[in-house]
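S.K.: the following block contains a protein sequence and its predicted model.
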Amino acid sequence: MTSVRVALPGHLRTLAGVEAEVRVDVPGAPTITAVLDALEAKHPQLVGTIRDRATKERRPFMRYVACGEDLSREPSDRPLPDAVARGAEALRLGGAISGG
Amino acid sequence: MSTVRVLVGTHKGAFVIASDGARRDWRVDGPLFGGWHVMHVHGSPADPDRLYASQWTDWHGQVIQRSDDGGRTWAAVGSGFAYDGEAGTHQWYDGTPHPWEFKRVWHLEPAPDDPDTVFAGVEDAGLFRSADGGTTWSELAGLRTHATGNTWAPGAGGLCLHTIIIDPADPRRMFVAISAAGAFRSEDGGATWQLATGGLRSEFLPDPEAPVGHCVHNLAMHPSRPDTLFMQKHWDVCRTDDAGDHWTEVSGNLPSDFGFPVSVHAHEPETVYVVPILSDAEHYPPDGRLRVARSRTGGGEWELLERGLPQRDCYVNILRDAMAVDSLDDCGIYFGTTGGQVYASPDAGDTWAPIAEHLPAVLSVEVQTIA
């Protein structure tokens, strides 16, 4: 298992009742899909709030960022950067600057 | 002594404003779900401790919350709103076909006789039902698949089902309203629906008397008169006495017959309230004066109520689900504004006072009267 740090935006912290950053355990090399699967299993309130509950497509106003790179349009089954896998960096989930 | 609980949904969270039956001293609790649009909070008539809330953002979509203790604690329940079968298309603003897409829940209507049964009116327009306290949701697809469904088009707020009225004497009898499709009636618990738009006229339509396309803003019914409904339409205030087969305009002497909410007095079925708004382009009261219009004759003749309301430089709006009444002997009337004020009248509208003044823009107001 790999322990991955995930940083959540404010709306989702309050919804899940967690701090800004949570840890999830992922089997094998972490990918966005694997991390989100583990996150949703640990905090089922988040199902549907980051990606579509049926298609698993990223919600249009969500962004995935790690190590200074925008991974939002990367294939979700591509391994995340080593720094995320090592726990040195968090996968950051955030909302686009879209008003609100 | 009775308690009155005002459930306020705002642009950035929910608030619960409570008082005893004297309705003089109010306590504001909140924000709940801070940062989220809270479209609606509504209590079960069968169990006042059972509350449902619809929270939503563009970023994260729809979440339904439930409280089993009168709002002290909440838990996220189910938010799986999937249309039944192939959703098909409705019309877009320009008349072209547009796929049906779920966006959010505008209105939650708990059943009168069962706290675990609750209906949800959604955008794009559809009606969902949960029989397990909001954990799972099933579409009552007979509405969306009505023969006119592919001609429905959105209003400025989207193609939203915003009003659900259940006849308390016969919960299988329901009315819904959709912007901008019209009003519909079901006699079988929502399985099948028929239009309830007879006699409506909307000048913006190619055929002003078409059965579909009317931008109904809100409906209200007194529980003792299940065939009588009042409607605030995009323009026009109307009434029907035959459950929507024939509507009559009752705008009468209103300074403007544009507006959003309509409510009926708890004990006087012919006493009706609307809030005149200047126009569809100017969503603020005429002359910068916030006035509630009351008719004691079921429409037609209106008096403007202004004592305690701002009478200069007031340019707020009152949205369609943001007015409600309590059921105390001297009926209380409540409404919230896009400026974040919530006003209450403990004397059926004669006098008003703010019970909250600096909230985020108010999206919805409901009232619970607890014995």
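M.R.: The structure has been received and is ready for your questions. Residues are numbered from 1 along each chain as shown, chains lettered A, B, ... in the order given.
S.K.: dihedrals phi and psi, the residue minimising distance to the centre of chain B?
M.R.: Geometric centre of chain B, nearest residue: B:Asp321, 3.3 Å, by Cα atoms, centre = their mean. Here is the backbone geometry of B:Asp321 (degrees, to the nearest 10): phi -100, psi 20.
S.K.: test my guess that it contacts B:Gly336.
M.R.: No. The pair B:Asp321 / B:Gly336 is not scored as a contact, 9.3 Å apart, by Cβ atoms under 8 Å. The C-beta positions use only the backbone N, C-alpha and C, and glycine is treated the same way.
S.K.: residues contacting the residue nearest to the centre of chain B?
M.R.: B:Asp321 makes contact with B:9, B:39-40, B:106-107, B:162-163, B:218, B:261, B:363-366 under the criterion Cβ atoms under 8 Å, 6 or more residues apart in numbering or on different chains.
S.K.: now with 10 Å?
M.R.: Residues in contact with B:Asp321 (Cβ atoms under 10 Å, 6 or more residues apart in numbering or on different chains) are B:9, B:39-40, B:42, B:106-107, B:121, B:162-163, B:217-218, B:260-261, B:336, B:362-366.
S.K.: hang on, the earlier thing: now do the shared contacts for B:Asp321 and B:Gly336.
M.R.: Joint contacts of B:Asp321 and B:Gly336 (Cβ under 10 Å, 6+ apart) are B:9, B:261, B:362-365.
S.K.: can you redo those as CSV with secondary structure and neighbour count?
M.R.: What follows is the shared contacts of B:Asp321 and B:Gly336, written out as CSV (DSSP: H, G, I helix; E, B strand; the rest coil; neighbours: other Cβ atoms under 10 Å in any protein chain shown):
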residue, secondary structure, neighbour count
B:Gly9, strand, 30
B:Pro261, coil, 24
B:Val362, strand, 27
B:Leu363, strand, 24
B:Ser364, strand, 28
B:Val365, strand, 28
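S.K.: which of the residues you listed lies closest to chain A?
M.R.: Of all the shared contacts of B:Asp321 and B:Gly336, B:Leu363 has the smallest distance to chain A: 14.3 Å, by Cβ to the nearest Cβ.
S.K.: doesn't B:Gly259 make contact with B:Tyr284?
M.R.: No. Between B:Tyr284 and B:Gly259 there is no contact under Cβ atoms under 10 Å: 11.2 Å.
S.K.: can you pull the residues that touch both of these two?
M.R.: With Cβ under 10 Å, 6+ apart, B:Tyr284 and B:Gly259 have common neighbours B:277-278, B:317-318.
S.K.: which of those has the largest number of neighbours?
M.R.: Within the shared contacts of B:Tyr284 and B:Gly259, most neighbours by other Cβ atoms under 10 Å in any protein chain shown means B:Ile318, with 28 neighbours.
S.K.: what's the closest non-adjacent residue to it?
M.R.: Using Cβ to Cβ, 6 or more residues apart in numbering or on different chains and skipping residues adjacent in sequence, the residue nearest B:Ile318 is B:Val275, 4.5 Å away.
S.K.: burial count for the one you found?
M.R.: By other Cβ under 10 Å, neighbour count at B:Val275 equals 26.
S.K.: same deal with B:Asp69?
M.R.: That count, for B:Asp69 with other Cβ under 10 Å as the rule, works out to 10.
S.K.: for B:Gly300, see how far away it is.
M.R.: For B:Asp69, the distance to B:Gly300 equals 45 Å [Cβ to Cβ, to the nearest Å].
S.K.: now swap in B:Val105 and tell me
M.R.: 35 Å.
S.K.: with B:Leu363 instead?
M.R.: Going from B:Leu363 to B:Gly300 by Cβ to Cβ gives 30 Å.
S.K.: and the biggest helix by length in chain A, how far out from the chain middle?
M.R.: Ranked by residue count and defined by DSSP state H, the top helix of chain A is helix A:32-42. Mean-position distance between helix A:32-42 and its chain equals 7 Å (Cα atoms, centre = their mean, to the nearest Å).
S.K.: just the angle for the helix or strand just after that helix relative to helix A:32-42, thanks.
M.R.: Next helix or strand after helix A:32-42 toward the C-terminus (DSSP states H and E): strand A:62-66. Comparing the axes of strand A:62-66 and helix A:32-42 via axes from the mean of the first three to the mean of the last three Cα atoms, to 10 degrees yields an angle of 110 degrees.
S.K.: ok, which pair from the shared contacts of B:Asp321 and B:Gly336 is furthest apart?
M.R.: For the shared contacts of B:Asp321 and B:Gly336, the farthest-apart pair by Cβ to Cβ is B:Gly9 and B:Pro261; their separation is 13.4 Å.
S.K.: related to what we said a few turns ago, ok, the residue nearest to B:Ile318 - contacts?
M.R.: Here B:Val275 is in contact with B:232, B:256, B:259-263, B:285, B:290-293, B:305, B:309, B:316-319, B:322-323, B:335, B:337 (Cβ under 10 Å, 6+ apart).
S.K.: let's see 6 Å
M.R.: By Cβ atoms under 6 Å, 6 or more residues apart in numbering or on different chains, the residues touching B:Val275 are B:259, B:292, B:318.
S.K.: got those as a markdown table, with pLDDT, secondary structure and distance to B:Gly157 columns?
M.R.: Listed next are those as a markdown table, based on pLDDT from 0 to 100; DSSP: H, G, I helix; E, B strand; the rest coil; distance: Cβ to Cβ, whole Å:
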| residue | pLDDT | secondary structure | distance to B:Gly157 |
| --- | --- | --- | --- |
| B:Gly259 | 98 | coil | 14 |
| B:Val292 | 98 | strand | 22 |
| B:Ile318 | 98 | coil | 14 |
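S.K.: which one of those residues sits closest to chain A?
M.R.: Comparing the contacts of B:Val275 against chain A with Cβ to the nearest Cβ places B:Ile318 closest, at 22.6 Å.
S.K.: right, and that closest one touches B:Phe335 too?
M.R.: Yes. Judged on Cβ atoms under 6 Å, B:Ile318 makes contact with B:Phe335 at a distance of 5.4 Å.
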